[in-house]
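Chemist: Any chance you could fold what I've pasted below:
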Amino acid sequence: MEPSRSVAVRLLAYRAFAYLTGVMLFLLVFVAIPIDWFAGDHQPVAVLGMLHGFLYMGYILATLILAERCRWKPLYAVLVLLAGTIPLASFVAERKVTRNVRERSAVAGPPRSVA
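Modeler: Have a look, this model is predicted:
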């Protein structure tokens, strides 16, 4: 069963920022930093570092909104937030969060309409 529309939209935003943040961090750590070290070119680190920073702010916002909507425990939310700072961890966290949100919505049942 899919999550309610409200949670589904927030989950989609979280997933988009998790992927974008993860890709930018991967490129920063595994491409730009080695270029900086071995070729002495600081430009890729400056550009990708700034992009990752802006995307990470969006990741934080999307995660906190989803955490509030899904009523996550604070420690779980902090761990998901930290995943955006460890290369490749945001991909793992995204899969676990998506599975968790979908399972919890299946247990809760369909949303009730207020008449």
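Chemist: Now do the helices in this protein.
Modeler: Assigned by DSSP state H, the helices in the chain fall at 5-27, 33-39, 43-70, 74-82, 89-108.
Chemist: okay if I get those helices as CSV plus mean neighbour count and mean pLDDT?
Modeler: C-beta here means a position set from N, CA and C on the backbone, and glycine is covered the same way. Shown next, in CSV, are these (neighbours: other Cβ atoms under 10 Å; pLDDT from 0 to 100):
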stretch, mean neighbour count, mean pLDDT
helix 5-27, 19, 94
helix 33-39, 12, 95
helix 43-70, 17, 95
helix 74-82, 14, 95
helix 89-108, 16, 89
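Chemist: separation between the residue most central in space within the chain and Ser6?
Modeler: Note on the chain: the residue nearest the mean C-alpha position is Ala18, at 2.7 Å, using Cα atoms, centre = their mean. Distance, Ala18 to Ser6, using Cβ to Cβ, to the nearest Å: 19 Å.
Chemist: just to revisit the earlier point, please list all residues in contact with the closest residue in space to the residue nearest to the centre of the chain that isn't next to it in sequence.
Modeler: Counting by Cβ to Cβ, 6 or more residues apart in numbering, Ala18 lies nearest to Glu94, which is 3.9 Å off, once chain neighbours are set aside. With contact set as Cβ atoms under 8 Å, 6 or more residues apart in numbering, Glu94 has these partners: Tyr14, Arg15, Ala18, Tyr19, Gly22.
Chemist: Any figure for the gap between Glu94 and Thr85?
Modeler: 14 Å.
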